[in-house]
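# the sequence and its predicted three-dimensional model are supplied below.
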Amino acid sequence: MSSLTLSVVMPVYNEAASIDDVIADVTKHILDRVDPAELVIVDDCSTDDTSAHLEALAAADARIRVLRNQTNMGHGRSVRRAMDSATGIWIFHLDSDGQVVPAEFDRLWAHRDDGDLVLGQRITRHDPRHRLILTAVTRGFVSVLAWRRVPDANVPFKLIRRDLYEHLAANMPSTAFAPSILIVLGALRSGAQVREVEITHLARVHGQSTLRLGRLAKAVGRSAVETLRFRVHRQPPYVRR
């Protein structure tokens with residue numbers, strides 16, 4: 001059994017302008033309220049001053065671990081590396097762009113006794129049109145495969161039992177483009193308890209989305225193929241430890 005209650009995992013890429021504030025919020029609203037806890041950050045080979053900021057933050061707080069990819073691996077593989085490195089009984093994933101609200105972590109944490117996977121659901125989105133299109137396509141695709149409506153499968157604000165993640169990760173490709181989608185689909189197929197909680201979504205203040213129209217088409221295609229392959233394989237039943 002892990003000695004840590006919670007691992008917060010966060011992929012980061014070129015967020016120097018806002019990363020100090022984001023991690024300050026994570027520290028205040030999550031790390032300082034759940035004891036013991038850690039923050040596992042994967043720096044996806046940032047090209048700005050993000051790495052220097054992260055080094056300083058980790059030096060100041062022993063609860064913060066920073067892993068740096070040797071090459072730019074993309075969001076999905078960075079999420080996977082962070083989750084694989086987590087040691088807590090629970091894993092909480094959020095992104096580093098400041099569009100989700102760490103203070104709303106308690107909304108998910110309150111369901112840890114009746115949920116194995118607790119998903120935030122972004123009701124009002126503040127994203128470019130192409131990201132809204134991607135969300136709509138994902139919603140329909142995953143809902144069909146799961147045989148139930150899944151409104152926000154790729155949400156970057158989710159709480160999962162680590163033993164459920166390990167159960168699912170055994171059948172997930174290590175290079176998955178969108179592991180979040182596979183986690184949700186796998187959890188539903190394996191009989192895990194999945195809960196959904198409404199959360200706030202903010203407009204991006206600093207930086208820009210890295211997903212453009214050309215990459216969007218490729219992302220949808222690759223994610224669809226991976227998800228279909230994952231869906232075909234039998235998912236063993238999940239038994240909570």
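All right, it came through fine.

# rest of the way, CA atoms for contacts and neighbours
OK.

# so what's Ser174 up against?
With contact taken as CA atoms under 8 Å, 6 or more residues apart in numbering, Ser174 is in contact with 77, 80.

# would you mind measuring from it to Ile183?
13 Å (CA to CA, to the nearest Å).

# likewise Ala60?
The gap separating Ala60 from Ile183 is 33 Å, by CA to CA.

# of these two, which one has the most company?
A count of neighbours by other CA atoms under 10 Å puts Ile183 above the other of Ala60 and Ile183, at 21 against 10.

# kindly confirm my reading that that one is in a helix.
Yes. The assignment for Ile183 (DSSP: H, G, I helix; E, B strand; the rest coil) places it in a helix.

# now Leu57. Nearest residue, chain neighbours left out?
Distances taken as CA to CA, 6 or more residues apart in numbering place Ile64 nearest to Leu57, at 7.4 Å, with adjacent residues excluded.

# beta partners of the one you found?
Beta-bridge pairing for Ile64 (DSSP bridges): Leu39.

# next, the contact list for it, please.
Contact analysis of Ile64 by CA under 8 Å, 6+ apart lists 38-41, 57-58.

# closest one of those to Val225?
Nearest to Val225 among those is Ile41, at 28.2 Å by CA to CA.

# the bottom helix or strand of the protein by mean pLDDT?
Ranked by mean pLDDT, DSSP states H and E, the weakest helix or strand in the chain is helix 213-232, scoring a mean of 72.

# quick one: neighbours of Ser180, just the number.
20.

# can you report phi and psi for Phe105?
The phi/psi pair for Phe105 (degrees, to the nearest 10) reads phi -50, psi -40.

# and the gap between it and Asp49?
Where Asp49 is concerned, Phe105 sits at a distance of 28 Å (CA to CA).
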